[in-house]
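Engineer: Here is my input, please return the structure:
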Amino acid sequence: MTTTTLIAEIRTSTDELLDAISLFTHEQLNQVPFAGSWTPGQVAQHLLKSESGIPQLFEGNTAPANREPDALVPVIHSIFLDFTTKMQSPDFILPDEEPKNGEALRQQLKQNREHILQLISTRDLTRHLTDFAFPELGELTGFEWMKFMISHAKRHTHQMKNMLPHFNSVSK
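Structural biologist: Predicted coordinates for the structure are as follows:
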């Protein structure tokens, strides 16, 4: 996959994510749709927290990869694109209980993603980013980090879209 193709995929992912956040009113964004769920705003904040450290990874230490730069992509996809499994988030990216502002979250996500796009166009995505080991998988290449970001956002965009009918049925 070329950097140009990856950038297009990230832009599509970003648009879909930002559009999903826009589907909710302020009240819905901060309302739990069903027992055991986060609010849509908490889902968005979780994504922001999980992606906010990625620019520092690209600006940090790297090492040559001892494998193909996309070797862990199938594993990443199998984890994050299996919508039937419920996952437990690491504590450091858990959302808080404070009310969320949808427009602020959209802007923060967009700005962070734009920063990432600028960085990846000038970095070697085949190298390991060594300043943070991904839980259970270890060091990822720049390419694998981007595929994580995309698949993680797809997972939670899907989750938010599945919340919407609950709000629509409640309001009728």
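Engineer: Number of residues surrounding His46?
Structural biologist: The number of residues packed near His46 is 19, by other Cβ atoms under 10 Å. Glycine gets a C-beta too; all of them are placed from N, C-alpha and C.
Engineer: Look up how far Leu137 lies from it.
Structural biologist: 19 Å (Cβ to Cβ, to the nearest Å).
Engineer: helix/strand/coil for Leu164?
Structural biologist: helix (DSSP: H, G, I helix; E, B strand; the rest coil).
Engineer: Please apply the same query to Gly41.
Structural biologist: helix.
Engineer: mind listing what it touches?
Structural biologist: If you count contacts by Cβ atoms under 8 Å, 6 or more residues apart in numbering, Gly41 has them with 24, 29-30, 95, 99-100, 102, 105.
Engineer: Excluding covalently adjacent residues, which one is nearest to it?
Structural biologist: Closest residue to Gly41 apart from its sequence neighbours, by Cβ to Cβ, 6 or more residues apart in numbering: Lys100 at 2.9 Å.
Engineer: what's that neighbour in contact with, if anything?
Structural biologist: Going by Cβ under 8 Å, 6+ apart, the list of residues near Lys100 reads 29-30, 39, 41-42, 44-45.
Engineer: what's the closest of those residues to Thr85?
Structural biologist: Each of those was scored against Thr85 by Cβ to Cβ, and Gln42 proved nearest at 18.9 Å.
Engineer: okay but the closest one is in contact with Pro95, surely?
Structural biologist: Yes - counting by Cβ atoms under 8 Å, Gln42 touches Pro95, with 3.6 Å between them.
Engineer: Helix or strand: which one has the most centrally placed residue in the chain?
Structural biologist: Among the residues of the chain, the one closest to the centroid is Ala153, at 3.7 Å (Cα atoms, centre = their mean). Assigned by DSSP states H and E, Ala153 falls within helix 142-171.
Engineer: For the contacts of Lys100, which ChimeraX command selects only the ones that are buried?
Structural biologist: This is how ChimeraX selects the buried members of the contacts of Lys100, with burial counted by 16 or more other Cβ atoms under 10 Å:
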select :29,30,39,41,42,44,45
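Engineer: Next, the buried residues of the longest strand along the chain.
Structural biologist: In the chain, taking DSSP state E as the definition, the longest strand is strand 128-134. Buried residues in strand 128-134, counted by 16+ other Cβ under 10 Å: 128-129.
Engineer: No more questions from me, cheers.
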